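> Whatever this is, show me its structure:
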Amino acid sequence: RCDEIHFPSPDAPGCALRVQNAGKRPAGAAPSGKKAGRKAGMKNHFVHTPCGPVQGAAGGADGVSVFRGIRYATAGRWEYPRQVTHWDGVYDAANFGACSFQPRAFYNEEDVPEKAFYYNEFRRGEHYDYSEDCLFLNIWAPDDAKNAPVLFYIHGGGFLGGCGHEKHFDGTAWCKKGIVAVTINYRLGPMGFLCLPELAARDGHTGNYAMFDQMAALCWVRDNIAAFGGDPGQVTLMGQSAGAMSVQQLCVSPMTNGLFRGAVMMSGGGVSRLLGAAQKAEEAYPFWQAVRQKLGAADFAALCGAEPQALFAAFAEARKEQKNPMAGCGPVVDGVFLTESAAEAAKAGRQKNIPYLMGSTSEDVVPPIVHKMAKGWARLQADQGKQPSYAYFFSRQLPGDEKGAWHSADLWYAFGTLDSCWRPFTEWDRALSEAMVSYLTNFAKTSDPNGPGLAEWLPVKKGQTQVLRFGDRDITMGGVSVARLTHTMLTKPNVGE
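Below you'll find the model as predicted:
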């Protein structure tokens, strides 16, 4: 629906407007005797939050609870999100919430060759529901957590696909290290990024609905994570691919001050003329007007009432005519969430002064570019006198095929979810994963990934340009051959979409 839209004010990042009832899955009366929002030891996977009581489930290991599908905000079509602050009864968090509508909702991935690789890797045998009503998050927490650091993960997928509960996304391994884990869903494709002058006239700005979703989720976590044993003052953002690009936009937005204290960007962070350059909202109008034309929507009301499948089909047709397909779907400079591009902010040193951890893979998408982006962003922090930042390079050639360290390959290791994968992983793979989990969780705890038993990881700075290499036989500081990455890009086909 396209009702009158409400959006957060810059004085209260993403959190100015509140919803009084989540409207989902009441499970009965709440046990009495505990004060909402204070954790007194988790029993039977049950917590009291400022929104109301929540019933979770057993996590993937003893002493870990999981809370799936918690509604963090509500929004109609092309409305900015309104944070949930209350629900009636006990919220049933046993099942994951719906994913955003996306292209794969309308076809069988198994039948589309260019989709088969990632389907087989991350989604085969899984079931997903799709809806415009998709603003849900998931929490994994140690049962004995108290003021624990929080890792807040934003999934990738080209701003067009994905969700926060595919096979490789499970926070159990992080919980074993004393971390509370959060993953989220947000609106994708035309649902999350449409820009039109009618919306700008009505609301003062347009676009970036997905980015406001992410910000609303961060605000919900700030207000509620203490009930799960997390420390709202120790939130580290983490994202991969489009999720990393999202993290970067959150790090340059004037609306997100105080919501997080560190950031991890995998295969997508950094500044490049080819990747991550946000256009102005009005520059996106012609593309979205072409989408409306291909849809056959006579007016804005007809666009608002269009069936999701027809909207995504028109969107796909319009993208075919774009020289740069990414230009039609992604964050824009809207004057509110983003007042300048990440490149402009970085040049002036206006990005958040927090520690960053950056990296890429050897068979990544455009591997020389994403590697230079990651390393360059870490070096920029040192050159500008900001906090120490770290860069890695993942080159482990995954067993089971000849695809190498493809885009997203490092996620199995970073989440410690090798047992959910079909591949014949070795003891070295498990040691590599254990190390990556330790580095990440150390970074979330102390802003420094180093710790006992780990190879030393030096921050990038003038005179120290090496990165930490996760390889086939060892983990060590070293250089990366851009020439070899360029050869890989030119000779080795990408695994798909």
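
> drop to CA atoms for contacts and neighbour counts, all remaining ones
Fine.

> What ranges does the stretch 101-250 of the chain have for its helices?
Remark: helices of the stretch 101-250 of the chain, listed N- to C-terminal, are 113-118, 172-175, 189-193, 197-203, 209-224, 242-252; assignment by DSSP state H, counting those that start in this stretch.

> a markdown table please, covering the ones you listed and showing mean pLDDT, mean neighbour count and distance to Asp448.
Below are those laid out as a markdown table (pLDDT from 0 to 100; neighbours: other C-alpha atoms under 10 Å; distance: least, C-alpha to C-alpha, whole Å):
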| stretch | mean pLDDT | mean neighbour count | distance to Asp448 |
| --- | --- | --- | --- |
| helix 113-118 | 90 | 16 | 32 |
| helix 172-175 | 98 | 25 | 16 |
| helix 189-193 | 98 | 26 | 34 |
| helix 197-203 | 96 | 14 | 42 |
| helix 209-224 | 98 | 25 | 22 |
| helix 242-252 | 97 | 26 | 19 |
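
> Figure out how far stretch 80-98 is from the centre of its chain.
Between the mean C-alpha location of stretch 80-98 and the chain-wide mean there is a distance of 19 Å, by C-alpha atoms, centre = their mean, to the nearest Å.

> Sorry, slip of the keys, the one I care about is stretch 239-249.
The chain centroid and the centroid of stretch 239-249 are separated by 6 Å, computed with C-alpha atoms, centre = their mean.

> show me where pLDDT drops low in the stretch 351-497 of the chain?
Counting by pLDDT under 70, the stretch 351-497 of the chain shows low-confidence ranges at 497.

> ok, 80 please
For the stretch 351-497 of the chain, applying pLDDT under 80 flags the ranges 496-497.

> Now do the strands in it.
In the stretch 351-497 of the chain, the segments counted as strands under DSSP state E, counting those that start in this stretch are 356-361, 390-394, 467-470, 475-478.

> Any idea which residue is closest to the centre of this structure?
The centre of the chain sits closest to Ile154, judged by C-alpha atoms, centre = their mean, with a distance of 1.1 Å.

> The top strand by length along the chain - contacts with which helices or strands?
Within the chain, and with DSSP state E defining each element, the longest strand by residue count is strand 230-240. Judged by 3 or more C-alpha pairs under 8 Å, 6 or more residues apart in numbering; DSSP states H and E, the packing partners of strand 230-240 are strand 148-154, helix 209-224, helix 242-252, strand 262-266, helix 427-446.

> Select, out of those, the one closest to Ala345.
Evaluated over these, closeness to Ala345 peaks at helix 242-252, with 6.5 Å, by C-alpha to C-alpha.

> follow-up on the earlier one: what's the closest of the strands of the stretch 351-497 of the chain to Ala409?
Between Ala409 and these, the shortest gap by C-alpha to C-alpha is with strand 356-361, which sits at 7.6 Å.

> so how far is that closest one from its chain's centroid?
14 Å.

> With stretch 62-72 instead?
Per C-alpha atoms, centre = their mean, the displacement of stretch 62-72 from the mean C-alpha position of its chain is 17 Å.

> now do stretch 80-100
With C-alpha atoms, centre = their mean as the basis, the mean position of stretch 80-100 lies at 18 Å from the chain mean.

> Can you list the neighbours in contact with stretch 319-338?
Outside stretch 319-338, the residues that touch it by C-alpha atoms under 8 Å, 6 or more residues apart in numbering are 10, 158-160, 189-190, 193-194, 205-208, 211-212, 249, 252-255, 278-281, 284, 287-288, 339-341.

> Give the buried subset of those residues as a ChimeraX selection command.
Selection command for ChimeraX covering only the buried members of the contacts of stretch 319-338, criterion 16 or more other C-alpha atoms under 10 Å:
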select :158,159,160,189,190,193,194,205,206,207,208,211,212,249,252,253,254,255,278,279,280,281,284,287,288,339,340,341
